[in-house]
Each structure stands twice: as structure tokens, then as C-alpha cells.
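Asks: generate coordinates for the sequence data below:
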Amino acid sequence: MSAATSARAAFIAPNDETAEAAVIVESFLVASMVPDPETAARYISPELAITFTGGRKYSHPRETTAFNAGRYKWVKKQMQRTDVVAGHGETIVYNLGTLYGEWPDGTPFEGNRYVDRFVVRGGKIVQMDVWNDSAERILTGKGIVA
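Replies: Numbering: from 1, shown residues only. Okay, here's the model as predicted:
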């Protein structure tokens, strides 16, 4: 075995568990957009760790719903793709797309890029990491170029 071959990780093929993880994440996101944090909670582990934009830490969908209620008048996701990565005992799911909605002052927006990364174990979401361009758009809207 060459050094290059031994340095490679073992390939794990997609399977029923990885397909189920994608459905779990998309179902969670749909419920979150209603917003219906209690239905979204059906898809989470009690040990859920959420890191939202700006490094904000949460442990339940009702907390992220409350955060979004302060940042947006309303917000929805235009989901464009879901990528699934099979792992040992867990599945990583990326959901990418754009946000659309209204800022608190009623100004509409669209095309706000987002990436959500999830770790799914045992059929439940145990970790969620969220990134989007909202802060950049807020700064730009206030005439701040950073």
C-alpha cells in the first residue's frame, strides 16, 4: 500500500440512513419556516447544539424562532439543494439556498444566501450550524461598507 493510499479515509457509500437524514433535515427546515418550533423539535435530539449566525448558541428550535422574530418581520428559505455525506455512525447534511422575506421595517429582501450544516445520529439532529448573508445585507442597507 502506498503512502497516498494509506492516507485516504475509508469511503462510505450513501445508504438508506443517509437518505433518511436528508428527509429529517428538510422536514425540520419546513417546520421551522412555518414557524412551528414544536413540530421541528420532533426531529431533534435532546442534546441538540445549534450555532447560529454570529456564534449564537441555542439548544431548541423555539430559541432560533425567537431570534428570527427579532431579526426579520418574516423569513423563508428557498431550498436549492441538499448534500449528504455518509459518516461512521452519523450523517452530515448540508442544505443550501437563499432566504427571502421582510426586514423588521417591512422592506422586502430576497437572494440572501445561506448554508445550514446538520449532524444526524440515530435518526435525530444533534448539531446545526447556520451561516447566511443577513449581517452583510443589514450593513449594506445602512450604507456601511466593511
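
Asks: CA only for contacts and neighbour counts going forward, please
Replies: OK.

Asks: quick one: the strands in the chain, in order.
Replies: 44-52, 56-58, 74-86, 91-102, 108-121, 124-132 (DSSP state E).

Asks: which positions within the longest one qualify as buried?
Replies: Of all the residues in strand 108-121, those buried under the rule 16 or more other CA atoms under 10 Å are Asn112, Arg113, Tyr114, Val115, Asp116, Arg117, Phe118, Val119, Val120, Arg121.

Asks: in its sheet, which strands sit next to it, and in what direction?
Replies: If you go by DSSP bridges, strand 108-121 pairs up with strand 91-102 (antiparallel), strand 124-132 (antiparallel).

Asks: buried residues in the last one?
Replies: Pointing back at strand 124-132 there. Using 16+ other CA under 10 Å as the test for burial, strand 124-132 gives Lys124, Ile125, Val126, Gln127, Met128, Asp129, Val130, Trp131, Asn132.

Asks: identify the farthest-apart pair in these.
Replies: Lys124 and Asn132 (23.5 Å; CA to CA).

Asks: all good on my end, thank you.
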